[in-house]
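Novice: model the structure of this input:
(one chain, ligands or ions: 2)
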Amino acid sequence: MNKTKQFRKLLASAELEFICEAHNGLSARIAEEAGFRAVWGSGLTISAQLGVRDSNEASWTQVMDVVEFMADATTVPVMLDGDTGYGNFNNVQRLVRKLEQRGVAAVCIEDKLFPKTNSFIAGERQALADIDEFCGKIKAAKDAQQDDAFSLVARVEAFIAGRGLDEALRRAEAYQAAGADAILMHSALSVPDEILAFMREWGDRCPVVIVPTKYYSTPVEVYREHGVSMVIWANHLLRSAISAMQDTARVLHETQSLAKLEQQVASVSEIFRLQGAQALEEAERRYLPESRSAPAALVLAASRGDELRELTEDKPKAMVRVGDRPLLAHIAASYRSTGIDDITVVRGYRKEVVNLPDLHYVDNDDYADTGELHSLWKGLGSRDWPNGVVVSYGDVLFRKYVLEYLREVGDELVIPVDTRWQDSVNRGRDVDYVNCSLPYSRTHYNRPVLLRKMTGDLPEGDIHGEWMGLVYISPNALPAVRAALDEMHAEPRNRKAKVPALLNRLASSGHAVRVVYTSGNWLDVDSLDDVVNAAGF
Ligand code: SPV
Ligand code: MG
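Specialist: Ligands and ions are numbered 1, 2, ... in the order given. Predicted coordinates for the structure are as follows:
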């Protein structure tokens with residue numbers, strides 16, 4: 001049943017129905033969750049939560065925006081307190097059309113003059129609308145609605161203005177005759193006498209709605225007996241929120257501590273629940289492409305780099321300045337440029353100067369008589385890598401697209417191999433040449449290629465490329481890598497072993513080491529010339 005019909009049903013119900021005030025989307029949802037079958041969009045509390053008076057200080061479109069959030073946040077109908085209709089019959093017609101468009105099921109308009117004031121502020125001094133003029137507004141509203149079930153409740157302020165029962169009855173009759181779906185009869189007395197007197201005369205001519213804010217101590221049984229249709233609890237969610245907020249603000253200010261409050265206030269997860277965070281999570285699973293979270297990075301930078309001589313007397317190679325900053329800062333920037341922010345560095349030689357901010361550090365204090373594999377073993381063993389890890393060296397610069405390639409292939413152990421090994425500045429140095437299951441092919445670049453062997457002394461005819469010193473270890477591949485590393489680490493002869501020994505061991509034991517062919521776009525800083533070249537890289 002749509003919301004307008006739901007509201008009509010409540011008005012017509014033989015039971016005494018109760019609806020609850022709300023002043024924004026959150027409070028409307030709270031009212032619905034408590035079990036209320038409709039919500040009152042109170043003029044008093046909507047204006048108050050905006051920090052202004054209930055005197056039409058908020059424009060009607062500002063009120064409309066709030067009530068739209070309320071309607072969106074609920075599955076039960078909302079009745080807006082439309083004050084005097086924000087103008088004459090013409091404004092009321094526009095109001096009704098806009099309310100229907102925004103999913104509001106009903107509006108209540110009162111027979112006072114614009115700008116109105118709240119009925120509990122010197123009510124007797126407030127002028128009432130001319131009856132005929134107000135009847136014209138009611139007719140205009142009923143003519144404007146597109147949905148037959150939209151409800152117009154006409155509010156009689158005769159008692160508020162001190163005009164007595166006869167005036168109240170005269171107005172109620174006229175408004176019903178003009179087409180109102182219900183009468184809201186208001187009273188500011190602390191007893192329900194005016195309301196009950198009206199009910200005795202009115203009988204069941206049409207549904208009557210009341211707002212017992214001032215005569216709050218009357219048991220609702222009395223209303224039931226007198227044939228009232230609907231009770232509005234008109235401002236109590238905002239009032240309870242005000243008390244709670246005043247209390248919380250005072251305690252926070254006085255104690256400068258959250259400890260006492262924590263148990264007394266709603267949890268942050270309760271906020272998320274009320275906002276519907278879980279539904280969004282489900283929707284994300286349905287509609288978003290599966291997102292692979294960024295892996296972490298592990299940079300092996302424990303060795304001095306003797307070949308750079310005096311440049312590395314007081315710092316390791318990774319901290320040698322290249323252009324405006326250390327090599328390691330360039331490497332970290334490359335990682336960060338592809339969204340890899342979680343970067344761990346294994347340091348050893350002059351570790352105290354390896355101290356760039358926002359990096360994690362693991363120490364290999366045996367750097368002098370161990371090889372890279374020992375650093376890798378320490379680094380990998382230092383923590384979990386739930387999204388996998390890219391391992392690289394503290395002296396290898398690479399462009400970010402290399403990382404993107406590795407992650408695209410992504411599900412295993414992946415290494416980038418440079419097909420332009422013959423032009424490489426590294427020729428003649430200690431190079432890791434690679435032999436693969438397939439050579440690079442322009443036409444078959446999609447076929448998976450696996451590492452067969454990596455070594456510096458491959459016969460030229462067997463060389464398919466040069467390893468760039470990076471490895472991506474996916475979460476799936478991590479257990480096999482850890483196991484192989486542990487085994488190798490336990491053998492004393494591997495104390496000075498390098499990373500290729502591990503890759504070879506994995507490949508030869510049948511573990512797939514995927515190869516991604518690339519060309520150029522990396523730099524291994526192994527000489528003073530390289531340091532100069534790196535500045536322009
Ligand atoms: C409101 O809640 O804004 C009302 C009811 O109009 S009363 O404040 O009692 O006038
Ligand atoms: Mg009001």
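
Novice: count of neighbours near P459?
Specialist: 8 (other Cβ atoms under 10 Å). (Each C-beta comes from the backbone N, C-alpha and C, glycine too.)

Novice: no wait, Q62
Specialist: With other Cβ under 10 Å as criterion, Q62 counts 13.

Novice: per-residue confidence at it?
Specialist: You'll see Q62 listed with a pLDDT of 98.

Novice: one more: G428?
Specialist: Predicted confidence (pLDDT) for G428: 66.

Novice: ok, now the one 4 residues further on?
Specialist: For D432, the model assigns a pLDDT of 93.

Novice: same question, H489
Specialist: Looking at H489, its pLDDT is 93.

Novice: contacting residues for the closest residue to it other than its chain neighbours?
Specialist: Of all residues not flanking H489 in the chain, W377 sits nearest, at 4.8 Å (Cβ to Cβ, 6 or more residues apart in numbering). Under the criterion of Cβ atoms under 8 Å, 6 or more residues apart in numbering, the contact list for W377 reads L485, D486, H489.

Novice: next to ligand 1, which bits of the stretch 1-150 of the chain? Give me the list.
Specialist: S42, G43, L44, D81, N118, S119 (Cβ under 6 Å from any ligand atom).

Novice: how about those residues in JSON lines, adding secondary structure and pLDDT?
Specialist: Below are those laid out as JSON lines (DSSP: H, G, I helix; E, B strand; the rest coil; pLDDT from 0 to 100):
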{"residue": "S42", "secondary structure": "coil", "pLDDT": "98"}
{"residue": "G43", "secondary structure": "helix", "pLDDT": "98"}
{"residue": "L44", "secondary structure": "helix", "pLDDT": "98"}
{"residue": "D81", "secondary structure": "strand", "pLDDT": "98"}
{"residue": "N118", "secondary structure": "coil", "pLDDT": "94"}
{"residue": "S119", "secondary structure": "coil", "pLDDT": "92"}
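
Novice: of the residues you listed, list those near ligand 2.
Specialist: Near ligand 2, judged by Cβ under 5 Å from the ion, the entries from those are G43, L44, D81.

Novice: the last one contacts D54, doesn't it?
Specialist: So the one you mean is D81. No - the pair D81 / D54 is not scored as a contact, 9.3 Å apart, by Cβ atoms under 8 Å.

Novice: who touches both of these two?
Specialist: Residues touching both D81 and D54 by Cβ under 8 Å, 6+ apart: G43, L44.

Novice: out of the two, which sits in the more crowded spot?
Specialist: Taking other Cβ under 10 Å, D81 and D54 do not tie; D81 has more neighbours (26 against 22).

Novice: that one bridge partners, please.
Specialist: As for beta bridges, D81 partners with C108 under DSSP bridges.

Novice: tell me who's in contact with it.
Specialist: Taking Cβ under 8 Å, 6+ apart, we find D81 in contact with W40, G41, S42, G43, L44, I46, C108.

Novice: residues contacting the helix or strand hosting S269, please?
Specialist: Secondary-structure element containing S269, defined by DSSP states H and E: helix 268-275. Applying Cβ under 8 Å, 6+ apart, the contact partners of helix 268-275 are L26, R29, I30, Q278.

Novice: ok so, going back, right, and out of the contacts of W377, which lies closest to ligand 1?
Specialist: L485 (70.1 Å; Cβ to the nearest ligand atom).

Novice: so the closest one versus V471, what's the distance?
Specialist: 12 Å (Cβ to Cβ, to the nearest Å).

Novice: then S187?
Specialist: For S187 relative to V471 (Cβ to Cβ), the value is 80 Å.

Novice: who has more neighbours, the two?
Specialist: Taking other Cβ under 10 Å, S187 and V471 do not tie; S187 has more neighbours (27 against 23).

Novice: which pLDDT value belongs to the more buried one?
Specialist: Looking at S187, its pLDDT is 98.

Novice: tell me, how many residues neighbour the residue in the stretch 201-350 of the chain that ligand 2 sits nearest to?
Specialist: The minimum distance from the stretch 201-350 of the chain to ligand 2, using Cβ to the ion, falls at A234 (7.8 Å). For A234, the neighbour count with other Cβ under 10 Å is 22.

Novice: mind listing the helices for the stretch 301-450 of the chain?
Specialist: In the stretch 301-450 of the chain, the helices defined using DSSP state H, counting those that start in this stretch lie at 327-337, 372-381, 400-409.

Novice: re the thing from before, buried only: go through the residues of the stretch 1-150 of the chain next to ligand 1 for me.
Specialist: S42, G43, L44, D81, N118, S119 (16 or more other Cβ atoms under 10 Å).

Novice: look up the closest residue to L397, ignoring the ones flanking it.
Specialist: In space, L397 is closest to L523, 4.5 Å off (Cβ to Cβ, 6+ apart).

Novice: buried ones in stretch 218-225?
Specialist: In stretch 218-225, counting by 16+ other Cβ under 10 Å, buried: T218, Y223.

Novice: neighbouring contacts of that stretch?
Specialist: Contacts for stretch 218-225 (Cβ under 8 Å, 6+ apart): L16, F18, V191, P192, I195, L196, I210, P212, V231.

Novice: please name the nearest non-neighbouring residue to the first one.
Specialist: Sequence neighbours aside, R224 is the residue nearest to L16 in space, at 4.5 Å (criterion: Cβ to Cβ, 6+ apart).

Novice: that neighbour: which element?
Specialist: Assigned by DSSP H and E, R224 falls within helix 220-225.

Novice: try T213
Specialist: Using DSSP H and E, T213 falls outside every helix and strand.

Novice: any idea how far ligand 1 is from it?
Specialist: 5 Å (Cβ to the nearest ligand atom, to the nearest Å).

Novice: kindly report the same for R452.
Specialist: 79 Å.

Novice: from what I can see that residue touches L503, true?
Specialist: No - the criterion here is Cβ under 8 Å, and R452 misses it with L503 at 10.5 Å.

Novice: higher neighbour count, those two?
Specialist: L503 (23 against 17).

Novice: hang on, that one packs against I415?
Specialist: Yes - at 6.8 Å, L503 counts as touching I415 under the criterion of Cβ under 8 Å.

Novice: my guess is A38 meets F7, correct?
Specialist: Yes - A38 is within contact range of F7, at 5.8 Å (criterion: Cβ under 8 Å).

Novice: so which of these two has more stuff around it?
Specialist: More neighbours surround F7 than the other of A38 and F7, with 30 against 25 (other Cβ under 10 Å).

Novice: let's have the contacts of W377 in TSV, adding distance to ligand 1, secondary structure and neighbour count.
Specialist: Shown next, in TSV, are the contacts of W377 (distance: Cβ to the nearest ligand atom, whole Å; DSSP: H, G, I helix; E, B strand; the rest coil; neighbours: other Cβ atoms under 10 Å):
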residue	distance to ligand 1	secondary structure	neighbour count
L485	70	helix	21
D486	71	helix	12
H489	74	helix	19
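
Novice: returning to that earlier point: mind checking which of the contacts of stretch 218-225 are in strands?
Specialist: F18, I210, V231 (DSSP state E).
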